[in-house]
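> Provide a 3D model corresponding to the input given below.
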Amino acid sequence: MKFYFVVFLTFLFQIALKGNILLASLYGLHLHASPFMLGGIIAAGSLFPMLLASFAGRLSDRLPLNLLLAIGMIGSGLSLLTIYLFNNSLIALLIIQLAFGLFQIITVVSSQNLVGVLSTEKMRTKNYASYTLSVSFANFFGPLLVGLLIDLSSYSYVYLLLGGISILPGVIFLFMRLQASFNKKATAVEISFYELLVHPDLRVVFVTSGVILTAVGLFEFYFPIYGNTIGLSASIIGTLLSINAVAFIISRLLMNKLQRHFSPEQIIGGCLIIAGSAFFLLPFMTAIPLLAVISFIMGIGLGCCQPLSIVMAYNNAPAGHTGEVLGIRLTVNKAVQFAVPIIFGSINFLGFFPIFWMNTLLLLFSGKSLLKDNSK
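Numbering: from 1, shown residues only. A predicted model of the protein is given here:
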């Protein structure tokens with residue numbers, strides 16, 4: 001029961017995390033940010049995670065995980081509440097995103113490590129599936145809640161709500177006792193960051209995670225802009241993103257059945273091809289029902305990829321370095337999330353077609369490569 005209570009607490013934080021992605025994009029547009037400035041604001045949330053995820057993972061191998069989770073969640077919530085003091089300022093929004101990114105990476109890597117620590121080897125895949133399923137539910141509720149509340153109230157009140165949702169589980173973790181507070185292994189060996197980064201069993205995991213997050217990041221960053229460009233309201237955009245999250249949920253519910261018949265490489269390869277096809281079709285769509293279908297297909301395509309990459313990273317991590325490996329995986333992910341808004345925000349003048357189609361080529365090539373390598 002303690003495991004599922006931990007998952008519930010991380011679910012609450014993920015609502016704030018996923019809601020903030022949409023909120024920052026729409027708030028930046030509300031303040032008339034240029035495409036480059038908006039890309040910088042979204043990328044700011046990934047700067048510290050990109051630089052410090054490995055260090056945060058190392059901390060999670062050595063310090064009480066409930067303390068790290070409390071610091072991360074409360075710090076993230078306080079960062080969101082700061083918007084009340086500096087309303088209607090793009091510079092303030094940029095700084096708030098930087099602070100939020102710093103605290104949220106402590107939370108994310110510690111929660112992923114905690115799931116592994118609380119799991120037996122037999123239950124690890126199932127428990128990570130439950131954890132990522134809760135993230136998918138947060139992907140559904142976060143954007144839906146934010147979109148509706150923006151139309152009904154103001155951006156400041158939405159930031160107030162998300163800040164409170166983030167702080168609450170942090171306070172609970174502060175006073176929670178966890179038997180597996182430390183992830184220590186007697187057989188731990190000293191391995192450098194570089195050695196872990198180029199580890200043959202982990203390299204494929206890191207590269208695949210980067211490709212997956214490129215797709216997820218582009219969709220999260222550009223879909224609200226695309227929806228705004230074709231005249232959709234905040235609540236409609238939030239609803240369409242929530243449909244994407246529903247597809248994530250369905251795909252993760254089917255993940256255990258798929259693993260009985262296919263290897264992880266086959267599943268991820270096929271899912272990347274499905275997502276690439278959806279990206280190809282997206283800029284042709286302007287009708288809400290068709291956008292809903294594309295959003296759903298995208299979610300089905302990407303839904304299984306992330307939990308499988310987490311399990312592969314944890315299982316292949318050297319003894320005593322599970323948190324650090326998960327942190328390196330997140331470093332790769334956040335580097336992609338940092339670069340995508342800036343690069344694609346800078347080339348926004350090209351329009352949506354080439355941006356979405358470049359990602360189509362990346363996904364199709366990566367998916368076919370995984371399937372080809374697995375068939376050998």
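> drop to CA atoms for contacts and neighbour counts, all remaining ones
Noted.
> remind me which residues of the stretch 51-200 of the chain are low pLDDT?
179-190, 193 (pLDDT under 70).
> Tell me where it has helices.
Secondary structure of the stretch 51-200 of the chain by DSSP state H, counting those that start in this stretch: the helices cover 65-81, 90-117, 124-152, 155-174, 193-197, 200-229.
> any chance of those helices in a markdown table, plus mean neighbour count?
Supplementary listing: the helices of the stretch 51-200 of the chain in a markdown table, determined by neighbours: other C-alpha atoms under 10 Å:
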| stretch | mean neighbour count |
| --- | --- |
| helix 65-81 | 25 |
| helix 90-117 | 24 |
| helix 124-152 | 22 |
| helix 155-174 | 21 |
| helix 193-197 | 13 |
| helix 200-229 | 20 |
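> Could you dump these into CSV with distance to Gly28 added?
Written out in CSV, the entries for the helices of the stretch 51-200 of the chain read as follows (distance: least, C-alpha to C-alpha, whole Å):
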stretch, distance to Gly28
helix 65-81, 14
helix 90-117, 7
helix 124-152, 13
helix 155-174, 10
helix 193-197, 35
helix 200-229, 10
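> Can you say which of the ones you listed is nearest to Met50?
For Met50, the closest of these is helix 90-117, at 8.8 Å, according to C-alpha to C-alpha.
> what angle sits between the closest one and helix 65-81?
Helix 90-117 and helix 65-81 are oriented at 160 degrees to each other (axes from the mean of the first three to the mean of the last three C-alpha atoms, to 10 degrees).
> what angle separates helix 90-117 from helix 124-152?
Here the directions of helix 90-117 and helix 124-152 differ by 150 degrees (the same axes, to 10 degrees).
> what's helix 90-117 packed up against?
With contacts defined as 3 or more C-alpha pairs under 8 Å, 6 or more residues apart in numbering; DSSP states H and E, the packing partners of helix 90-117 are helix 2-30, helix 35-60, helix 65-81, helix 124-152, helix 322-346.
> Glu265 contacts Leu370, doesn't it?
Yes. Contact between Glu265 and Leu370 holds when scored by C-alpha atoms under 8 Å: they sit 5.8 Å apart.
> follow-up on the earlier one: which of the helices of the stretch 51-200 of the chain sits closest to Met37?
Across the helices of the stretch 51-200 of the chain (criterion: C-alpha to C-alpha), the nearest stretch is helix 90-117, sitting at 8.5 Å.
> how far out from the middle of the chain is the closest one?
Helix 90-117 has its C-alpha centroid displaced from the chain centroid by 11 Å (C-alpha atoms, centre = their mean, to the nearest Å).
> Ramachandran coordinates for Leu63?
In this entry, Leu63 is assigned phi and psi values of phi -110, psi 160 (degrees, to the nearest 10).
> would you turn the helices and strands packed on helix 90-117 into a markdown table with distance to Phe248?
Formatted as a markdown table, the entries for the helices and strands packed on helix 90-117 read as follows, by distance: least, C-alpha to C-alpha, whole Å:
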| stretch | distance to Phe248 |
| --- | --- |
| helix 2-30 | 14 |
| helix 35-60 | 22 |
| helix 65-81 | 24 |
| helix 124-152 | 6 |
| helix 322-346 | 18 |
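> Between those, which one is closest to Ser89.
Across the helices and strands packed on helix 90-117 (criterion: C-alpha to C-alpha), the nearest stretch is helix 2-30, sitting at 9.1 Å.
> so that closest one versus helix 155-174, what angle?
Calculated by the same axes, to 10 degrees, helix 2-30 forms an angle of 160 degrees with helix 155-174.
> Mind giving me the packing neighbours of helix 2-30?
In terms of contacts (3+ C-alpha pairs under 8 Å, 6+ apart), helix 2-30 is packed against helix 35-60, helix 90-117, helix 124-152, helix 155-174, helix 200-229.
> Give me the neighbour count for Ser153.
Taking other C-alpha atoms under 10 Å as the neighbour definition, Ser153 ends up with a count of 10.
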